[in-house]
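[1] Any chance you could fold what I've pasted below:
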Amino acid sequence: MAIDISRIPESLVPYYTCGFGESVVLYEGQLELRSGDESESGDGQITLTWRPKPQIRWRVDGTVSPLAAFMAIDRQATQAILPSLDRVPPPGLDVWAPEKRPGANSRRTEPLGPCEFGNPRTLRRMLIHVVNGFEWHLPQVIREGTAGWRGRLTMEVDGWLITVDRHQDPFTELDEEGGFAFTHTLQIERSDGATFAAPDRERLELGMWHFFAFCRGRLVGFTLHVGFDENDEPCWADWSQRLIDDWQPTINWCDLLLVGEFEGLLRSWMTLSEDPFWTQVLHRVVRILVSANDPHPLDAAIPTAQTALELLSWAVLVIKETWLVPGEGDLSFQGRLRLLLKWAGIDPAVPVELVDMERVRREANLTDAPATIAWVRNRLVHPPKMGNDGLPQWPSHDLQVDVWRLSLQYIELIVLRLLGYQGRFGTRTHIDGRWAGDVEPVPWAVEPAGGNG
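    Model (predicted):
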């Protein structure tokens, strides 16, 4: 179906904005807070703060109350009740400064549980504020007056039109200081322009959140949802957020030149996720992958990565293909991994770039990469042998780096194979860093007839 993208504005305008590191004021005024049987009300404020991690927090003028004491036990139980739940408070409020309220005895802020209000039943579009998304430029041009830059991605998936606009400003500060910032505005609407209820998009959003994490190798934040009605007036808001990782450079399979593959890959992801079994497998694998993608320490990252390989080998070899039957001649981890690589069309040899891993494979007389990965893992999780110098002998740092890189690359490639992907990927086995655009075909890719690739 041809999608009319002319209805998308030249530039998405986020509902909430702030300078780098500045809090976002969501509401200011009369406020009631409830937590269990405890409640309090007064003149207060709700803000999104960034340090030490993004949190939606509340504060109320006055002295410490029973509710504050209860918060020490269950911080996420508190709900905010605003005087008017049928509209979204306007953006652009000032941060609550003590000098603005002479004589007020303001308590320290406390975390707020999810807060949803307004009419969620007839939305024309929904904005989601994205935290710590992709730094890359996107395929399509955003226009602001006479200026323009490549910062937009549009996708049509499962009857939804998805628009992602990249912000220009925050990435320099993120690279210099780390932390968190709004980096993109994401819009969801029906492909045919029809209205929808807020819960209708939950499956798509959950799929996108995991898919973006799979592509970036870090958890990308979705927060501060705002729904707009047929008159394009804000009519619903959800002040909650998914888990977010702080800003760090990461290694991953996805290159900036591969963003154009996102639409097809996300469609495949959502199709596979129609089966609740594969929804659980994909979500669990992504969370393990993201955790293992932090190499500090490598001793923990390598065994963590292998839990994802164990899960994928069971899901593919036992459940999907029924190549293995539990209890009948069970294979070792390296045997299952070797068979999983065969299923995917991946060479089990140690890549030539991983020189320390190949050296140990030869010295220990190991068969291939799966055997070497298992050998290193066993020497990390079990008590080590003692050397002649009286010190424990653990695998060297360089060897661990090689095994860590290859283990994570196997996870990413197996997921891409499950999605039926035939494109290119960025390898993790590079030695001196990977240039933008330095990609290669996935190992199982079918060459075009009559061509050389």
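
[2] Look at Gln30 and give its secondary structure.
    Here Gln30 is recorded as strand under DSSP: H, G, I helix; E, B strand; the rest coil.

[3] bridging residues for it?
    With DSSP bridges applied, Gln30 shows beta-bridge pairing to Asp43.

[4] my read: it touches Gln45, true?
    No. Taking Cβ atoms under 8 Å as the definition, Gln30 is not a contact partner of Gln45, at 10.9 Å. C-beta: built from backbone N, CA, C; applies to glycine.

[5] List phi and psi for the residue of the chain positioned farthest from its centre.
    Most distant from the centre of the chain: Asn388, at 46.0 Å, with distances by Cα atoms, centre = their mean. With angles defined as degrees, to the nearest 10, Asn388 sits at phi -60, psi -20.

[6] got it, and Ile162?
    With angles defined as degrees, to the nearest 10, Ile162 sits at phi -110, psi 130.

[7] and if you look at the one 3 residues further on?
    The phi and psi values for Asp165, taken as degrees, to the nearest 10, are phi -110, psi 130.

[8] and it, how many residues sit next to it?
    Neighbours of Asp165 under the rule other Cβ atoms under 10 Å: 23.

[9] pLDDT score for it?
    Looking at Asp165, its pLDDT reads 94.

[10] Then Thr172?
    Looking at Thr172, its pLDDT stands at 89.

[11] next one: Gly29
    On the pLDDT scale, Gly29 gets 80.

[12] Ok, Leu26 next?
    We note a pLDDT of 87 for Leu26 in this prediction.

[13] re earlier: which of Gln30 and Gln45 has more neighbours?
    Just comparing Gln30 and Gln45: by other Cβ under 10 Å the higher neighbour count belongs to Gln45, 23 against 14.

[14] Would you mind confirming that that one is in contact with Glu28?
    Yes. Counting by Cβ under 8 Å, Glu28 is a contact partner of Gln45 at 4.7 Å.

[15] the helices in the chain, which residues?
    66-71, 170-177, 202-216, 262-272, 276-292, 298-313, 333-344, 355-363, 369-381, 397-418 (DSSP state H).

[16] so which of those comes closest to Glu156?
    Judged by Cβ to Cβ, the one of those that comes nearest to Glu156 is helix 262-272, at 7.0 Å.

[17] So for the closest one, what gets flagged as buried?
    Within helix 262-272, the residues that count as buried by 16 or more other Cβ atoms under 10 Å are Phe262, Glu263, Gly264, Leu265, Leu266, Ser268, Trp269, Met270, Leu272.

[18] and the residue lying closest to Asp169 once chain neighbours are set aside, what is it in contact with?
    Once flanking residues are discounted, Asp169 sits nearest to Phe20: 7.5 Å by Cβ to Cβ, 6 or more residues apart in numbering. Phe20 makes contact with Asp169, Pro170, Glu173, Leu174, Glu177, Ala181, according to Cβ atoms under 8 Å, 6 or more residues apart in numbering.

[19] Which residue comes closest to the fourth one once chain neighbours are left out?
    By that I understand Leu174. Among residues not flanking Leu174 along the chain, Trp247 sits closest, at 4.3 Å (Cβ to Cβ, 6+ apart).

[20] Let me know the pLDDT of that neighbour.
    Looking at Trp247, the pLDDT reads 94.

[21] try Gly103
    42.

[22] swap in Leu67?
    pLDDT at Leu67 comes out at 48.

[23] One more: Gly207?
    97.

[24] What average pLDDT does stretch 436-453 get?
    72.

[25] swap in stretch 410-426?
    97.

[26] which residues does Val403 contact?
    By Cβ under 8 Å, 6+ apart, the residues touching Val403 are Ile302, Met357, Thr372, Ile373, Val376, Arg377, Pro395.

[27] Number of residues surrounding the last one?
    When neighbours are counted by other Cβ under 10 Å, Pro395 registers 22.

[28] Mind picking the two most distant members of the contacts of Phe20?
    Greatest spatial distance among the contacts of Phe20 (Cβ to Cβ): Asp169 and Glu177, at 13.2 Å.

[29] and stretch 45-58, which residues are buried?
    Neighbour-count burial for stretch 45-58 flags Gln45, Ile46, Thr47, Leu48, Thr49, Trp50, Pro54, Gln55, Ile56, Arg57, Trp58 (criterion: 16+ other Cβ under 10 Å).

[30] Include distance to Ser35 and pLDDT when you put the residues you listed into TSV, please.
    Below are these laid out as TSV (distance: Cβ to Cβ, whole Å; pLDDT from 0 to 100):
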residue	distance to Ser35	pLDDT
Gln45	18	83
Ile46	15	86
Thr47	18	88
Leu48	20	91
Thr49	19	92
Trp50	24	93
Pro54	21	92
Gln55	16	90
Ile56	15	88
Arg57	14	85
Trp58	11	81
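
[31] Take the residues you listed and keep only those in strands.
    Gln45, Ile46, Thr47, Leu48, Thr49, Gln55, Ile56, Arg57, Trp58 (DSSP state E).

[32] what's near enough to touch the first one?
    So the one you mean is Gln45. Val25, Tyr27, Glu28, Leu31, Trp58, Arg59, Trp96.

[33] how close does it get to Glu32?
    Separation of Gln45 from Glu32 (Cβ to Cβ, to the nearest Å): 13 Å.
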